[in-house]
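[1] Got a predicted model here, sequence first, then my questions.
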Amino acid sequence: GNSVTQMEGPVTLSEEAFLTINCTYTATGYPSLFWYVQYPGEGLQLLLKATKADDKGSNKGFEATYRKETTSFHLEKGSVQVSDSAVYFCALANNAGNMLTFGGGTRLMVKP
Amino acid sequence: SQTIHQWPATLVQPVGSPLSLECTVEGTSNPNLYWYRQAAGRGLQLLFYSVGIGQISSEVPQNLSASRPQDRQFILSSKKLLLSDSGFYLCAWSVGGGNTIYFGEGSWLTVV
């Protein structure tokens, strides 16, 4: 079955540092890939997505590239801010596009 | 535009008491509806999934149940809560095979 593995947190960075959160997946076919963000006490918000190999999703300075050869979708940001502190979830959609499989989440803490 | 609402936002219930969490979606028809649970410090677990009125798929065995009495209403229930039912419950929706799933604000349940 489908599965998503992401690096365990917490990840603690200083403001303006470079961020990478690793995500790898196992799936049949060509799933769509997502990053969701959960700010403290809130629900999940879609951050970005990519629907096919070599696509790059981007939003709010975050980027992730769909790498089929390495089955990865790593999240990156060049310069993090304190306001980026949140839990980040990597996810993939099944072939029908109506079911998500989530990774365990990675907590990011950015210190001023 | 589409919106999703769930309530109550927070709930403290004694062990053995019943539960009812409600979720409604506005601005769309025939959505796929989901209930997820996020236990403290852990990832997301899909509990129930519905493609239409009265159609409920259960992903994990438990003492919770779900119902969909109307097209855009999804209810999570329990007759007798357990301590292990504590967590953050998220309602979500998607349309057809569009494969982006959107989440509500979440409901914090503490069973004491």
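    Now that the structure is in, tell me what you want to look at.

[2] Now do the contacts for residue A:73.
    Applying C-beta atoms under 8 Å, 6 or more residues apart in numbering or on different chains to residue A:73 gives the contacts A:23, A:24, A:25, A:33, A:35, A:50, A:64, A:65, A:66, A:67, A:90. (Glycine included, C-beta is placed from N, CA and C.)

[3] Can you tell me the SS state at the last one?
    In the three-state summary, residue A:90 is assigned as strand, counting by DSSP: H, G, I helix; E, B strand; the rest coil.

[4] How about it: what's its closest non-neighbour residue?
    Distance criterion C-beta to C-beta, 6 or more residues apart in numbering or on different chains; nearest residue to residue A:90, sequence neighbours excluded, is residue A:23 at 3.5 Å.

[5] can you count the residues close to that neighbour?
    25 (other C-beta atoms under 10 Å in any protein chain shown).

[6] try residue B:76
    Residue neighbour count, defined by other C-beta under 10 Å, stands at 22 for residue B:76.

[7] rewinding a little: in this structure the residue nearest to residue A:90 contacts residue A:72, no?
    Yes - if you go by C-beta atoms under 8 Å, residue A:23 and residue A:72 touch, sitting 6.4 Å apart.

[8] pretty sure residue B:6 contacts residue B:23?
    Yes - the pair formed by residue B:6 and residue B:23 meets the contact definition of C-beta under 8 Å, at 4.2 Å.

[9] Determine the residues that are contacts of both of those two.
    Between them, residue B:6 and residue B:23 share the contacting residues B:91, B:104, judged by C-beta under 8 Å, 6+ apart.

[10] residue closest to the middle of chain B?
    The central residue of chain B, meaning the one whose C-alpha is nearest the mean C-alpha position (C-alpha atoms, centre = their mean), is residue B:35 at 3.1 Å.

[11] What is the helix or strand hosting that one packed up against?
    Here residue B:35 is covered by strand B:32-38, with elements defined by DSSP states H and E. The contact analysis (3 or more C-beta pairs under 8 Å, 6 or more residues apart in numbering or on different chains; DSSP states H and E) places strand B:32-38 against strand B:19-26, strand B:44-52, strand B:73-78, strand B:87-94.

[12] how about a cut-off of 10 Å?
    Using 3 or more C-beta pairs under 10 Å, 6 or more residues apart in numbering or on different chains; DSSP states H and E as the contact criterion, the neighbours of strand B:32-38 among helices and strands are strand A:100-102, strand B:19-26, strand B:44-52, strand B:55-58, strand B:64-70, strand B:73-78, strand B:87-94, strand B:102-103.
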